[in-house]
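Peer 1: Quick one, fold the following:
(one chain, ligands or ions: 1)
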Amino acid sequence: MAERIPFIAGNWKMNKSLSQAIDTVTKLKELIEDVQDVEVAVCPPFIALDAVVKVLIRSNIAVGAQNCFWEEKGAYTGEISPLMLADIGCRYCIVGHSERRKYFGETDANVNRKVRALYQFGLLPIICVGETLEQRQQGLTMNVVEEQIRGCLSGLPVNKVVDSVIAYEPVWAIGTGHTATPEQAQEVHSFIRNLLAELYGEENAQKIRIQYGGSVTPENIKGLMAMPDIDGALVGGASLEPEKFARIVKFKQ
Ligand code: 13P
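Peer 2: Predicted coordinates for the structure are as follows:
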C-alpha cells in the first residue's frame, strides 16, 4: 500500500482580522516547528493570504485559499483567480465546500472548472464532498458522495487527480460538535477510495489523500487518524486557536 503523508489543513472560513491572522500563524509556526511527518496548511480569508504567506516563508506550513474563480483574469467583479493565488505563493485552494454549495450556489460543474484552473496555475485543490443529515437519513450518503466525486473530477487527467486532496465533510458534522465516529467516517472514506480505484486504478487511488472534516478536535483526531483510509483532516473551528490546531497537528505525539 502506498505511504500517504498525513495532511492537516485549517479552514479559517470568514474569521480573523489581518493582525489576528498574522498573530495566529506567528504562534502556530513556533508551536509546530518540530513537526516533520505531517503536512500542514492554513487557509485564511483572501485579505490575509499575502501576509500569512510572508510569515510562513521557509516554515513547514503551506498556505491555501478558501475559494477561487476559474478564469485567469477579466471582468468578474469580486472574484479572485488561481493565477493571483499562485502569484502570492498559495499552494492549495479549497473548492466545493458545503458552505459555498449552500450559500453561493457552488455546483460540481463549477468545482470541476475551478479544479482545472487550479492545476493550470500549479495549485492543488482540496475538493470537499459530503452529505446533509437528510440525505444520510434517507440512506443516500454514498450516492451523493459518488455524484460529487464524479462531477468534480470529470475529465481530469489521472496525473492531476493523484495530487488532488479530497475532503469528506458530512454537512451534519460541520460546526455542530457532532463528529462522525471514526467508523462512520472510515466507511465513506473507504467507499471513496474504491470509487477512485474504479475510476483511476488501484495504485493511483492508494496515492490520493482523503481528509475528514467536521468538528475535528484535539480529543477526537487520534481515533479518526487510526482509520486506514483517513489521511488527514480539514479543521474549521479548532484551527482558529493555534494551541488547539497544534495539538491536532501533533496527533501522533
Ligand atoms: P468545523 O471543524 O468547525 O466543524 O468545520 C469543518 C469544516 O467545514 C472545515 O472545512
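Peer 1: Phi, psi for Val235 please.
Peer 2: phi -110, psi 130 (degrees, to the nearest 10).
Peer 1: With Met225 instead?
Peer 2: Comment: the main-chain dihedrals of Met225 come out as phi -70, psi -20, following degrees, to the nearest 10.
Peer 1: wait, what's in contact with it?
Peer 2: 6, 232-233, 251-252 (CB atoms under 8 Å, 6 or more residues apart in numbering). Any C-beta I mention is one placed from the backbone N, CA and C, and that applies to glycine too.
Peer 1: ok, now with 10 Å
Peer 2: Taking CB atoms under 10 Å, 6 or more residues apart in numbering as the contact definition, Met225 lies against 6, 8, 38, 182, 212, 216, 231-233, 248, 251-252.
Peer 1: Could you do Gly214 as well?
Peer 2: Counting by CB under 10 Å, 6+ apart, Gly214 makes contact with 98, 130, 167-180, 185, 224, 233-236.
Peer 1: Repeat the analysis, applying 8 Å as the threshold.
Peer 2: Residues in contact with Gly214, defined by CB under 8 Å, 6+ apart, are 130, 169-174, 176, 178-180.
Peer 1: ok, Asp163 touching Leu124?
Peer 2: Yes: in this structure, Asp163 sits in contact with Leu124. The criterion is CB atoms under 8 Å, and the distance is 5.6 Å.
Peer 1: Neighbour count for those two, which is higher?
Peer 2: When Asp163 is set against Leu124 and neighbours are counted by other CB atoms under 10 Å, the residue ahead is Leu124, at 20 against 12.
Peer 1: Wait, the more buried one touches Ser164, no?
Peer 2: Yes: the criterion here is CB under 8 Å, and Leu124 meets it with Ser164 at 6.7 Å.
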